[in-house]
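Student: okay, sequence plus prediction incoming.
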Amino acid sequence: MEGSVRATYVVETALPLERAAEVLAGEQSTGTFVRVARETDDLRARFAAQVESVAELPPGGAAALPGTVGDGPMRRARLTLRFPLDNFGPSLPNLLAAVAGNLFELKEFAALKLVDLDLPAPFGSRYGGPRFGVAGTRALMGRPEGAMIGTIVKPSIGLSPPDLASLVTELAEAGVDFIKDDELQGNGPSAPLAERVRAVMPVLERHADRTGVKPMYAFNITDDIDRLEANHDLVVAAGGTCVMVVIPNVGLAGLEYLSRRTQVPIHGHRAGFGAISRSAQVGIGFRAWQQLARLAGADHLHTNGISNKFYESDAEVLDSIAAVRAPLLDLVPTVPVLSSGQWAGLAHATYASVGTADLLVLAGGGIHGHPDGSAAGVASMRAAWDSALRGETVTDALSASPDFRRAVERFGPPR
Ligand SMILES: O=C(O)[C@H](O)COP(=O)(O)O
Ligand SMILES: [Mg+2]
């Protein structure tokens, strides 16, 4: 099969950098720790991964990964390997064995993080990517332009289905575009998926009959793979227009399985992603990972937002949003989902940095924690985003919107 995959890593090692790169390339393609009998030059020429570039970086200063060997000074580098596509074919699980497999355990490396991927066209042919993306999501939620404003049900767990129905009624009347279950609310016995669907969908259907707009509700259908289809069907049969999965928990193969069958957009939550990405010394960076999630079918993908409650800096968040918006193998564009500690006061700064309204901006605490309640929280978000999109200043927005002014009393000064 023609073509190759380029994988870029940030590594740290006490070995000479070129030697370390060769170890990595050999171990992850044809080789092992010694040259073996049938590893002919011809075989290596066809299947061995090639070192494409090694660029030294300033030292990172972080502690070496456990078990690292070597006495020499640690050197840090960005290195790119090229893997023949023939080694694994356009299969995401098998690609991962090569570009993100045993290599994390090699003792020659004090740091090793996969930071980017360049995948050839056959991946786009095999994986359909998002079925709905930005345009399909906008059409279903009845928001042809402007920022898509959404919320997460909070409290995350504990609301009874009738309480949930009453919250959804308030949010729909306030003009929210999107509501989602929290990732913590899956199919627990206190509020099973089927009961949540039965509570929420009649509210949204009645609202749609009255207004012509059905806010999108992402039901969290995360579960074992053999339950995903039935969970999806339950939502769709009741008129639901979105399903959510926690991608690290169902895995790329689970997401892909669902994507082949789905009749509605898939909201991709990234809870757990921090375990593979937070360390600068080991794991997979968002630029690489988001490509896999998009190929496997994520219509919406969490990127965090600026000034979030997690560890990522604004620069990292903005890079993640840019990564999701960058074209990938002719796939339909995925919607970046800005979530985590978001509220109205971040709208102007976010829009100034990203320059697009093709975003799903979610505020949980930032809406339900509004001093005047959830509806006022939605109104504050809408006022701030509409103002930002009109090119006004935060001060303009504050003087025009009492709900935004009240939000500031609770959440502090806007950015
Ligand atoms: O699932 C999410 O995206 C988070 O629960 C965000 O919640 P928050 O807006 O209250 O931080
Ligand atoms: Mg959450």
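Tutor: Right, received. Where do you want to start? Numbering: from 1, shown residues only. Ligands and ions are numbered 1, 2, ... in the order given.

Student: hang on, residue 71 in a helix?
Tutor: No. Residue 71 is assigned coil when assessed by DSSP: H, G, I helix; E, B strand; the rest coil, not a helix.

Student: OK, contacts around the residue lying closest to it once chain neighbours are set aside?
Tutor: Nearest residue to residue 71 in three dimensions, chain neighbours excluded: residue 14, at 6.4 Å (Cβ to Cβ, 6 or more residues apart in numbering). Using the backbone N, CA and C atoms, a C-beta is placed for each residue, glycine as well. By Cβ atoms under 8 Å, 6 or more residues apart in numbering, the contact list for residue 14 reads 68, 69, 70, 71, 72, 73, 74, 75, 108, 110.

Student: quick check: of those residues, which has the highest neighbour count?
Tutor: Greatest neighbour count in those, by other Cβ atoms under 10 Å, goes to residue 110: 26 neighbours.

Student: surely residue 312 and residue 304 touch.
Tutor: Yes. Between residue 312 and residue 304 a contact is recorded at 5.4 Å, counting by Cβ atoms under 8 Å.

Student: between those two, who's got more neighbours?
Tutor: The neighbour count for residue 312 versus residue 304, taken as other Cβ under 10 Å, is higher for residue 304 (27 against 20).

Student: mind pulling up the pLDDT for the more buried one?
Tutor: Reported pLDDT at residue 304 in the predicted model: 98.

Student: and if you look at residue 44?
Tutor: Residue 44 is given a pLDDT of 88.

Student: could you pick out the residues of the chain near ligand 2 for me?
Tutor: 182, 183 (Cβ under 5 Å from the ion).

Student: what count of nearby residues applies to whatever residue of the stretch 1-150 of the chain ends up closest to ligand 2?
Tutor: Ligand 2 sits closest to residue 150 of the stretch 1-150 of the chain, with a gap of 12.2 Å, by Cβ to the ion. Counted with other Cβ under 10 Å, the neighbours of residue 150 add up to 31.

Student: who's it bridged to?
Tutor: residue 178, residue 362 (DSSP bridges).

Student: scan the protein for its longest helix.
Tutor: The longest helix of the chain (DSSP state H) is helix 193-211.

Student: how distant is that helix from the center of its chain?
Tutor: 27 Å (Cα atoms, centre = their mean, to the nearest Å).

Student: and what of stretch 71-91?
Tutor: Relative to the centre of its chain, stretch 71-91 is centred 24 Å away, using Cα atoms, centre = their mean.

Student: same question, stretch 379-393
Tutor: On the basis of Cα atoms, centre = their mean, the separation between the geometric centre of stretch 379-393 and that of its chain is 25 Å.

Student: what mean pLDDT does that stretch get?
Tutor: Stretch 379-393 comes out at a mean pLDDT of 98.

Student: list the residues that contact the residue of the stretch 1-150 of the chain closest to ligand 2.
Tutor: Applying Cβ under 8 Å, 6+ apart, the residues near residue 150 are 176, 177, 178, 179, 180, 216, 360, 361, 362, 363.

Student: number of residues surrounding the closest residue to ligand 1 within the stretch 101-250 of the chain?
Tutor: In the stretch 101-250 of the chain, no residue comes nearer to ligand 1 than residue 152, which is 4.6 Å away by Cβ to the nearest ligand atom. Residue 152 has 25 neighbours, counted by other Cβ under 10 Å.

Student: look up the closest residue to it, ignoring the ones flanking it.
Tutor: The spatial neighbour of residue 152 that comes closest, neighbours along the chain excluded (Cβ to Cβ, 6+ apart), is residue 364 at 3.7 Å.

Student: doesn't residue 171 make contact with that neighbour?
Tutor: No. Contact criterion Cβ under 8 Å: residue 364 and residue 171 do not qualify, at 11.7 Å.

Student: what sits in contact with each of those two?
Tutor: residue 151.

Student: now do the same for the residue of the stretch 101-250 of the chain closest to ligand 1: its pLDDT.
Tutor: So, for residue 152, pLDDT stands at 98.

Student: OK, contacts around it?
Tutor: 179, 180, 181, 182, 339, 362, 363, 364.

Student: so which bits of stretch 175-184 are buried?
Tutor: By 16 or more other Cβ atoms under 10 Å, the buried positions in stretch 175-184 come out as 175, 176, 177, 178, 179, 180, 181, 182, 183.

Student: list just the nearest of these to residue 2.
Tutor: residue 183 (40.0 Å; Cβ to Cβ).

Student: tell me the phi and psi of the closest one?
Tutor: phi -70, psi -20 (degrees, to the nearest 10).

Student: now the closest residue to it other than its chain neighbours: how far from residue 156?
Tutor: Spatial nearest neighbour of residue 183, excluding adjacent residues (Cβ to Cβ, 6+ apart): residue 271 at 4.3 Å. Distance check for residue 271 against residue 156: by Cβ to Cβ, to the nearest Å, it reads 11 Å.
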